[in-house]
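Undergrad: My questions concern the predicted model and sequence given below.
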Amino acid sequence: YTIICANILGSCYGSTSPCTINPATGKPYLLSFPNTTVRDIAQCHNLLLEHLGLEKVDLLIGGSVGGFQALEWSIMYPQKIKNLVLLACNCRFTPWGSAFNESMRMALNADPTFGQQEYRSIDGKFEPLGGKAGLAAARSIALISYRSFEGYNSTQFETDEDCTFPQRAASYQRYQGKKLSDRFDAYSYYYLCGSVDSNNVGRGRGGVEKALGSIKTDCIVIGIDSDGLFPVEEQKLIASCIPGAVYHEITSKFGHDGFLLENDQLTQIIEPLLP
């Protein structure tokens, strides 16, 4: 098998992003970067497919925001996708999800260095210097939405039953925040949150049900029983609207992040699609 895992528009890992030079100014875009949508990302991936000379994808898999992209691709280019697997996603982003995204943007904007937009050049590449503390806080907020009550309580409980001021969960949040801020760009994170908010397959297509009903690809939709960010009702809705789609549900104590962790369960569902 040839496996293609593509970076997305707006990310600082190689695609056009806020760190890209704006030809009009000769400086990185940073906070002047244009807003992008999930559809923009799907169109970029189609350009990649054409560049590689590939006419069809045997199996398109998308989890979470990747599921948004996979849905859009299947609607815009239905003839190119043979099998579709959607994990832990929805067809229209919810106010619940947007509230988390706005909280993350507020954390970034609360960091005074974020608005200063300072940067440096290293070996011809531009690295922003601002927003690292805000990004760490934003990541901490996001992580709570990705996990679950049971997941935190099973991994972050204090071993000392007489502990007065618990620190294990707090230390975990700080560690995960720093881990992302050390490797990612605050400005890319800011704009990617915005692109996530744009997810709505029904926009300009007569509504969600009509848009999903146009998908002709063989489709499996997978939900996670403990997912608080994208509850299983949302995956069941997708499966009910795509002709012939089959719904599966996996069990995990780790919430939304179960789509990254429950490999054995996912393999049992997906493997039969591979010839």
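TA: That came in fine, so what should we check first?

Undergrad: Tell me which stretches of the stretch 51-200 of the chain form strands.
TA: With strands called from DSSP state E, counting those that start in this stretch, the stretch 51-200 of the chain shows them at 57-63, 81-87, 119-122, 125-128.

Undergrad: Within its sheet, name the partner strands of the first one and how each one runs.
TA: Looking at strand 57-63 with DSSP bridges, its partner strands are strand 81-87 (parallel).

Undergrad: can you list contacts of the worst-scoring helix or strand of the chain on mean pLDDT?
TA: Least confident element among the helices and strands of the chain, by mean pLDDT, DSSP states H and E: strand 125-128 (a mean of 86). Strand 125-128 has contacts (CB atoms under 8 Å, 6 or more residues apart in numbering) with 18-19, 21, 28, 30, 117-121, 185-187. C-beta coordinates here come from the backbone N, C-alpha and C atoms, glycine included.

Undergrad: re the thing from before, nearest to Y247 among the strands of the stretch 51-200 of the chain would be which one?
TA: Set against Y247 and scored by CB to CB, the strands of the stretch 51-200 of the chain come closest in strand 81-87, at 9.9 Å.

Undergrad: Give me the buried stretch members for the closest one, please.
TA: Within strand 81-87, the residues that count as buried by 16 or more other CB atoms under 10 Å are 81, 83-87.

Undergrad: contact partners of it?
TA: 56-64, 66-67, 70-71, 73-74, 215, 217-222, 235, 238, 259, 266, 269-270, 273.

Undergrad: got it, and stretch 231-246?
TA: Residues contacting stretch 231-246 (CB under 8 Å, 6+ apart): 71, 86, 88-91, 94, 208-209, 212-213, 215-216, 218-225, 247, 249.

Undergrad: buried subset of those residues?
TA: 71, 86, 88-91, 208-209, 212, 215, 218-224, 247.

Undergrad: Okay, and the beta partners of F126?
TA: S121.

Undergrad: Can I get stretch 247-254 in CSV? Just the C-alpha atoms.
TA: Provided in CSV are the C-alpha atoms of stretch 247-254 (Å, rounded to 0.1, in the frame of the first residue of the first chain):
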residue,chain,number,x,y,z
TYR,A,247,-22.1,2.8,11.8
HIS,A,248,-19.7,1.3,14.3
GLU,A,249,-19.0,2.4,17.9
ILE,A,250,-15.8,1.7,19.9
THR,A,251,-15.4,1.8,23.7
SER,A,252,-12.7,4.0,25.3
LYS,A,253,-12.2,5.7,28.6
PHE,A,254,-10.1,8.4,26.9
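
Undergrad: distance of the residue most central in space within the chain from Y190?
TA: Taking CA atoms, centre = their mean, the centroid of the chain lies closest to V65, which sits 3.2 Å from it. Note on V65: its distance to Y190, by CB to CB, to the nearest Å, is 15 Å.
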